[in-house]
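Student: got a sequence here, can you build the structure:
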Amino acid sequence: MSLSPRSLIPCLAALALVASACSGPEAQNPGGSDDGTPRSIVSLSPTTTEMLYAVGAGDEVVAVDERSDHPEDAPVTDLSGFTPNLEAVLSYQPDLVVTSDDAGGIVDGLERAGVEVLLLPAGETLDDTYTQLEQVGAATDHVGEAAELVSQMQTEVDEIVQSVPDREEPLTYFHELDETLYTVTDQSFVGHLYSLLGLTSVATGDNPYPQLSEELLLEADPDLILLADAQCCGVTPESVADRPGWDELTAVEDDRVHVVDEDLASRWGPRVVDLLREVAGIVSSVPADTPAP
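Tutor: Predicted structure coming up:
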């Protein structure tokens, strides 16, 4: 039985009934306990791994994919979320698999094997993060912990958002995904987070992850440049300033080129609060009366 976000929403409206309404029949959860609570969980996504541990289900996690690096004590394996191998996943005898993508039709294969699947696709807004955390709590019998976490996150997000100065015009930014100038628009998840802090992307259009031309970027002259390719690719504020023509950008001239944690900026789990706090500090360092370029 696949527990999709849409099918779980009715259950979340009445959290007290979630354990019985969303866990499914015991016959479809052969590896679990008598009450249907999963005891052997496999995660195939770094974000879902973080969610599982954040709601208190870490003790039941027996394997996570090769890219899951948080928390440090997660049982990392060579399982792949991009090209999942059904037999390899089943070798851990899971009674619940949590993933963010149905790559290779893994969901159907797991269901045919009688394994419960919770599919949590990439979030688009913070509300998606909150909802998915509650879904993970419901599926793992950690409803109370998930509700408490969501409440805490909402409080912290409100405090962070209120901490940034008000501006007549939003600051513009260029969020660099790689040196070929792929970036994000306000319609992406990270763009949504930045918009809460009074930022707007210099990139627009229907594609939330477009590639900009250097000419367009230099003409847009963003107030801030945020580098999400420092860890992977060694990009630094200094190397950005050395690019032809970039030394004349406002962000470079005013030392507003900043490295952001690429993991935090690419996941929609509980640590989005840490990213918001980090970027809020950057935004607050820019005087509120700075004119738009």
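Student: rest of the way, CA atoms for contacts and neighbours
Tutor: OK.
Student: ok, and the closest non-adjacent residue to Tyr53?
Tutor: Pro71 (7.6 Å; CA to CA, 6 or more residues apart in numbering).
Student: can you read off the pLDDT for that neighbour?
Tutor: On pLDDT, Pro71 comes in at 97.
Student: what about it, distance to Asp242?
Tutor: With distances taken as CA to CA, to the nearest Å, Pro71 is found 36 Å from Asp242.
Student: that older thread, sec struct for the residue nearest to Tyr53, please.
Tutor: coil (DSSP: H, G, I helix; E, B strand; the rest coil).
Student: next, count neighbours for Gly105.
Tutor: 12 (other CA atoms under 10 Å).
Student: residue ranges with poor pLDDT in the stretch 101-250 of the chain?
Tutor: Along the stretch 101-250 of the chain, no part satisfies pLDDT under 70.
Student: which residues touch the nearest residue to Ser68 once chain neighbours are set aside?
Tutor: Closest residue to Ser68 apart from its sequence neighbours, by CA to CA, 6+ apart: Pro46 at 4.2 Å. Contacts for Pro46 (CA atoms under 8 Å, 6 or more residues apart in numbering) come out as 64-65, 67-70, 267.
Student: if we use 7 Å, what do you get?
Tutor: Neighbouring residues of Pro46 by CA atoms under 7 Å, 6 or more residues apart in numbering: 67-69.
Student: swap in Thr172?
Tutor: Counted by CA under 7 Å, 6+ apart, Thr172 has contacts 199-202, 222-224.
Student: that one pairs with what?
Tutor: On the basis of DSSP bridges, Thr172 takes part in beta bridges with Thr200.
Student: re the thing from before, adding distance to Tyr130, write the contacts of Thr172 out as a markdown table.
Tutor: Conversion of those to a markdown table gives the following (distance: CA to CA, whole Å):
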| residue | distance to Tyr130 |
| --- | --- |
| Leu199 | 22 |
| Thr200 | 23 |
| Ser201 | 24 |
| Val202 | 28 |
| Pro222 | 31 |
| Asp223 | 31 |
| Leu224 | 28 |
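Student: can those residues go into a markdown table with extra columns for neighbour count and distance to Gly144?
Tutor: A markdown table is the format used below for the contacts of Thr172 (neighbours: other CA atoms under 10 Å; distance: CA to CA, whole Å):
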| residue | neighbour count | distance to Gly144 |
| --- | --- | --- |
| Leu199 | 20 | 34 |
| Thr200 | 22 | 36 |
| Ser201 | 24 | 37 |
| Val202 | 23 | 41 |
| Pro222 | 23 | 43 |
| Asp223 | 27 | 42 |
| Leu224 | 26 | 40 |
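Student: contact partners for His142?
Tutor: Taking CA under 7 Å, 6+ apart, we find His142 in contact with 55-57.
Student: how much space is there between it and Thr49?
Tutor: In terms of CA to CA, His142 sits 15 Å off from Thr49.
Student: what does the helix or strand hosting Val98 contact?
Tutor: Assigned by DSSP states H and E, Val98 belongs to strand 96-99. Defining contact as CA under 7 Å, 6+ apart, one finds that strand 96-99 is touched by 38, 40-45, 48, 115-120.
Student: any buried residues in the helix or strand following that strand, and which?
Tutor: Later in the chain than strand 96-99, the nearest helix or strand by DSSP H and E is helix 106-112. Neighbour counts using 16 or more other CA atoms under 10 Å place 106-108, 110 of helix 106-112 among the buried residues.
Student: dump those residues to CSV, plus distance to Ile160.
Tutor: Shown next, in CSV, are the buried residues of helix 106-112 (distance: CA to CA, whole Å):
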residue, distance to Ile160
Ile106, 39
Val107, 38
Asp108, 41
Leu110, 41
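Student: what about the nearest residue to Arg277 once chain neighbours are set aside, distance to Arg271?
Tutor: Computed as CA to CA, 6+ apart, the closest residue to Arg277 that is not its neighbour in sequence is Ile160, at 6.1 Å. Ile160 sits 14 Å away from Arg271, going by CA to CA.
Student: for Arg256, same thing?
Tutor: Distance from Arg256 to Arg271, by CA to CA: 24 Å.
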